[in-house]
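model the following, please.
(2 chains)
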Number of protein chains: 2
Amino acid sequence: MFKGLESYGSDELLAKLKGKNPFFICTIATTATARIPNISGAGLNSELMEYTPAGDVELIVHGEVRCCDVPPQTTMDGTSTPTPAMITKAVLELTNASYLVANAGSLIKPDVPYIQINEKHGEDIRTGKAVKNPKKIFENSKLIAQNLSKNNDYLVIGESIPAGTTTALGVLTALGYDADFKVSGSTPKNPHNLKKDVVMEGIANANLKNHIQDNNEDNNEVNSENKNNKIDPFKAVEALGDPMIPTVSGMVMGSKVPVILAGGTQMTAVCAFIKAIDSKFDFSNICIATTKFVAKDPTSDIFNIAKQIGKINIHVVNPYFEKSSIQGLKNYIKGYVKEGVGAGGAMLMALLLGYSIDNIREKIEEICK
Amino acid sequence: MFKGLESYGSDELLAKLKGKNPFFICTIATTATARIPNISGAGLNSELMEYTPAGDVELIVHGEVRCCDVPPQTTMDGTSTPTPAMITKAVLELTNASYLVANAGSLIKPDVPYIQINEKHGEDIRTGKAVKNPKKIFENSKLIAQNLSKNNDYLVIGESIPAGTTTALGVLTALGYDADFKVSGSTPKNPHNLKKDVVMEGIANANLKNHIQDNNEDNNEVNSENKNNKIDPFKAVEALGDPMIPTVSGMVMGSKVPVILAGGTQMTAVCAFIKAIDSKFDFSNICIATTKFVAKDPTSDIFNIAKQIGKINIHVVNPYFEKSSIQGLKNYIKGYVKEGVGAGGAMLMALLLGYSIDNIREKIEEICK
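Numbers count the residues shown, from 1 in each chain, chains lettered A, B, ... in the order given. Just a heads-up that it's a prediction; the model follows:
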């Protein structure tokens, strides 16, 4: 449909949304899971990890980080890699699209106005008690989307939550999906074993072990329809998830218009959660939009996870960072960062609004300088 | 233009907004000023006063008050008078209009999702240190309105802030307007002397006494243009205002579309603040919408205050509560409550959307039952 876009599944929805009015929402949250050493690259070190979501949206709104001295970035020996917030900021400036920040539960509150969905950040999922009252988070979020979607043509919803692929793995596992070694990560060496250990410890502490093992045995025999009915999705998030998942799911289920889920494998956890709530949910009115860096990531498999859940169309944007003069952006190609803060979906939104992928990359470069 | 509507000034703007898509925002805030005995009727007693804004929006969103056991209401010997939140709720249900709650700084946080503009509630204006960082509140609010207004045709902005007419008097006085004995109040016996004493104490403690006296002397000679330039409007709010005033003003100045200010004399303080920021501000693109109970209030004079500021069109809705079978609503006619939570502007919005005033009153009665 556009240069720089590859669609997996149908692009019927995108054809409908071309030239229409979007509303972009950036959801932020933190969990103490991100403090586990080496689990995430979404911050200079594990102490600063919880400042990343607040810093990301401060960058978008003010062009500078206010909550701490260090800009959010993915750690890397030698050169630093700019946070994907720069991509999202570039798109929002380029398109002049309407947007709001939604706080799903961030320990550090950003110095920007935001929609307050939930106050409390998530805990370390190893405790098996990850998220307080996910049902309420879901309902609050639903209400917001009901009202924000009425006069807009579609919503684009991104996320910034460090260690979010680990909590996504937790929810996917609890809901009976086989996501081991399939979730993405913000570093080239995806710490899959660590992620799995963390999730298994959470499962043990939440007393869901027997349950999960049952599900795993079922994997070869039953379809996902049956699997999804086995555990209350809110219990799954409460034990092993993060506040972003019920927030974004609530927005999808509250929205009166189509939704582009702007993210990587974390958004498959959102889809799995939605399907567990409503097994008949029509996924043709939503889609996942992500970056080439997630889609081509050899350490993860978004397509496999999505396929287990249902017919979920995935759109992949390639900003051709190899053409960029900025070294930090080239690090994306090497597997650093990959996605986040809705970067992939934001770029898709710009394409839908008529901007070329070269326009978009040039604006990103301008923002990075 | 409609049965139940009287327009003072031009109704050109309303003609343009007929049938268009509105977005309703209910701003909530509290100040410690409301704890002064007998200053406000917006709560069963002065202890409960600070629960009123949170309770009001909980009523709108959930149909029940969650932050405390007592529903927000204006005190009255014998019978109670329903909070104007019931009027607003009725309109939002009837019209299915999009809306959001905005927290401008409420001590009690409502149990609903909301836009976080500002965390800190206002202090007692007698201290002369009423609002922390009104400039930041204003800028946050501007940003929200820039984004919320893009895909909507007009905004309707209401407020719930107990003792808000006293803080409005404070700001109007500091900005050089003669508003003594002219602001409205939520009880039939408007405690004008108390309000004036409170404001004068605040002026003394903020060391603005000489300044204000100068202004008062000028009143007979100079036009309001000159008066407005005398004090930094942010200093006026910082000393004697409330967090609602910079919030609603920021929304007006950030909005890309027309704004209906849904409130009584408090909204004249918003207009005065806006004019002090931008002396050339075009008031033809905004208007004040209020209830007949404010407009016909013998204890206040919204028209006189507005006239001192500029050409501000005021639209007055009469819901004909005398036709109602509900005693509490009839108390409005006796001078209880009068306005609040955007009730007047909400009713105007319903008229603009094609509902008759009788439809509206019937829906209010249904909600009250």
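
near chain B, which residues of the stretch 201-350 of chain A?
For the stretch 201-350 of chain A, no residue is in contact with chain B (C-beta under 8 Å from any C-beta of the partner chain). All C-beta spots, glycine's among them, are computed from the backbone N, C-alpha and C.

what ranges in the stretch 201-350 of chain A fall below the confidence cut-off?
The model of the stretch 201-350 of chain A has pLDDT under 70 over residues A:211, A:213-229.

how about the strands in it?
A:259-262, A:286-291, A:314-317 (DSSP state E, counting those that start in this stretch).

mind saving the C-alpha coords of the longest one as CSV?
This points to strand A:286-291. Taking Å, rounded to 0.1, in the frame of the first residue of the first chain, the C-alpha atoms of strand A:286-291 are listed here in CSV:
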residue,chain,number,x,y,z
ILE,A,286,-8.1,-3.5,14.9
CYS,A,287,-4.5,-4.3,13.9
ILE,A,288,-1.0,-4.3,15.2
ALA,A,289,1.5,-1.9,13.7
THR,A,290,5.1,-2.4,14.5
THR,A,291,8.6,-1.8,13.1
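
what strands flank it, and is each parallel or antiparallel?
Sheet pairing for strand A:286-291, assigned by DSSP bridges, gives strand A:259-262 (parallel), strand A:314-317 (parallel).

which ones are touching the closest residue to residue A:335 other than its chain neighbours?
In space, and not counting its chain neighbours, residue A:335 is closest to residue A:188: 3.4 Å by C-beta to C-beta, 6 or more residues apart in numbering or on different chains. Neighbouring residues of residue A:188 by C-beta atoms under 8 Å, 6 or more residues apart in numbering or on different chains: A:299, A:334-336.

likewise residue A:89?
Counting by C-beta under 8 Å, 6+ apart, residue A:89 has contacts A:59-60, A:63, A:367.

got a winner among these for most neighbours?
Neighbour tally across these (other C-beta atoms under 10 Å in any protein chain shown): the maximum, 27 neighbours, falls on residue A:60.

how close does the closest residue to it other than its chain neighbours get to chain B?
Closest residue in space to residue A:60, ignoring its immediate chain neighbours: residue A:89 at 4.6 Å, by C-beta to C-beta, 6+ apart. Separation of residue A:89 from chain B (C-beta to the nearest C-beta, to the nearest Å) stands at 14 Å.

could you give the angle of the helix or strand where residue A:89 lies to strand A:286-291?
In this structure, residue A:89 sits in helix A:85-95 according to DSSP states H and E. Angle, helix A:85-95 to strand A:286-291, by axes from the mean of the first three to the mean of the last three C-alpha atoms, to 10 degrees: 110 degrees.

tell me the buried residues in helix A:85-95?
Buried positions in helix A:85-95, judged by neighbour count with 16 or more other C-beta atoms under 10 Å in any protein chain shown: A:85-92, A:94-95.

any idea which helix or strand comes after it?
Where DSSP H and E defines the elements, the next helix or strand beyond helix A:85-95 is strand A:98-105.

for that following strand, list the C-alpha coordinates in CSV.
Output of strand A:98-105 as CSV, limited to C-alpha atoms (Å, rounded to 0.1, in the frame of the first residue of the first chain):
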residue,chain,number,x,y,z
SER,A,98,-4.0,15.1,18.2
TYR,A,99,-2.5,13.1,21.0
LEU,A,100,-2.7,12.5,24.8
VAL,A,101,-0.6,10.7,27.3
ALA,A,102,-2.4,8.1,29.5
ASN,A,103,-0.9,7.1,32.8
ALA,A,104,-1.7,3.4,33.3
GLY,A,105,0.4,3.3,36.5
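
find the residue at the geometric middle of chain A.
Against the mean C-alpha coordinate of chain A, by C-alpha atoms, centre = their mean, the closest residue is residue A:263 at 3.9 Å.

and that residue, backbone torsions?
phi 180, psi 180 (degrees, to the nearest 10).

any idea how far residue A:323 is from it?
For residue A:263, the distance to residue A:323 (C-beta to C-beta, to the nearest Å) stands at 24 Å.

swap in residue A:42?
Separation of residue A:42 from residue A:323 (C-beta to C-beta): 25 Å.

who's more crowded, the two?
residue A:42 (30 against 13).

that one bridge partners, please.
Taking DSSP bridges as the rule, residue A:42 bridges to residue A:74.

OK, contacts around it?
Applying C-beta under 8 Å, 6+ apart, we find residue A:42 in contact with A:34, A:49, A:52, A:72, A:74, A:83, A:160, A:162-163, A:186, A:337, A:340.
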